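Engineer: Return a 3D structure for these sequence lines:
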Amino acid sequence: MVKIRLKRLGYKKNPTYRIIVIDSRCKREGAPIEELGHYNPKTKEMKLNKESALNWVKKGAQVSETVQYLIKNCDENGALIYNKKTEVKLSKKAQAKLEEQKQKEAEAAAAAAAEAENSEAQAEEAQN
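Structural biologist: A predicted model of the protein is given here:
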């Protein structure tokens, strides 16, 4: 079976990958059938021959999850379209504090609405 997967290059704690077409029985750094591009996860830099990759998929090559993500999120030139996450992960304490603050704001809004309602009722009584 033919697979499209990553071939690891680079030194310790600084990986770079080549996107290759290879027989599934070969080892990870084995000789590829074809090299489709390269990917650097630290700088989010990628160059991919998307046309050739899609041709291999049409021929029946199995794609690894990571390579499938890279193919899906690249433009026509083969560069990665990387969207930075805008959501910030918070610790449990920070989440609890945020929830408490939201509850206080909701209670204050409810109290303000009740006061406004009471003042309107008093104004109507004064007019009658």
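Engineer: got the residue ranges for the strands in the protein?
Structural biologist: 2-11, 14-23, 34-40, 45-48, 62-63 (DSSP state E).
Engineer: Mind checking those for the one nearest to residue 120?
Structural biologist: strand 45-48 (62.0 Å; Cβ to Cβ). For glycine as for every other residue, the C-beta is placed from the backbone atoms N, C-alpha and C.
Engineer: Could you give the separation of that closest one from the chain centroid?
Structural biologist: 17 Å (Cα atoms, centre = their mean, to the nearest Å).
Engineer: Residues contacting that strand, please?
Structural biologist: 19, 36-40, 70-71, 74, 78-80 (Cβ atoms under 8 Å, 6 or more residues apart in numbering).
Engineer: Would you reformat these as TSV and include neighbour count?
Structural biologist: Below are the contacts of strand 45-48 laid out as TSV (neighbours: other Cβ atoms under 10 Å):
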residue	neighbour count
19	28
36	22
37	21
38	18
39	21
40	16
70	24
71	19
74	20
78	20
79	15
80	18
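Engineer: of all those residues, which two lie farthest apart?
Structural biologist: So for these, where distance means Cβ to Cβ, the most widely separated pair is 40 and 71, at 16.4 Å.
Engineer: Would you mind giving the strands of the chain as TSV with mean pLDDT and distance to residue 91 added?
Structural biologist: Putting those into TSV (pLDDT from 0 to 100; distance: least, Cβ to Cβ, whole Å) gives the following:
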stretch	mean pLDDT	distance to residue 91
strand 2-11	92	33
strand 14-23	93	29
strand 34-40	93	30
strand 45-48	90	32
strand 62-63	93	37
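Engineer: Residue 113 is nearest to which of those strands?
Structural biologist: Using Cβ to Cβ, the strands of the chain put strand 45-48 closest to residue 113, at 53.0 Å.
Engineer: still on that earlier bit, can you redo the strands of the chain as CSV with distance to residue 96?
Structural biologist: Below are the strands of the chain laid out as CSV (distance: least, Cβ to Cβ, whole Å):
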stretch, distance to residue 96
strand 2-11, 40
strand 14-23, 37
strand 34-40, 38
strand 45-48, 39
strand 62-63, 42
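Engineer: Can you add distance to residue 126 and give the contacts of strand 45-48 back as JSON lines?
Structural biologist: Formatted as JSON lines, the contacts of strand 45-48 follow (distance: Cβ to Cβ, whole Å):
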{"residue": "19", "distance to residue 126": "78"}
{"residue": "36", "distance to residue 126": "80"}
{"residue": "37", "distance to residue 126": "78"}
{"residue": "38", "distance to residue 126": "79"}
{"residue": "39", "distance to residue 126": "74"}
{"residue": "40", "distance to residue 126": "74"}
{"residue": "70", "distance to residue 126": "71"}
{"residue": "71", "distance to residue 126": "72"}
{"residue": "74", "distance to residue 126": "70"}
{"residue": "78", "distance to residue 126": "75"}
{"residue": "79", "distance to residue 126": "70"}
{"residue": "80", "distance to residue 126": "68"}
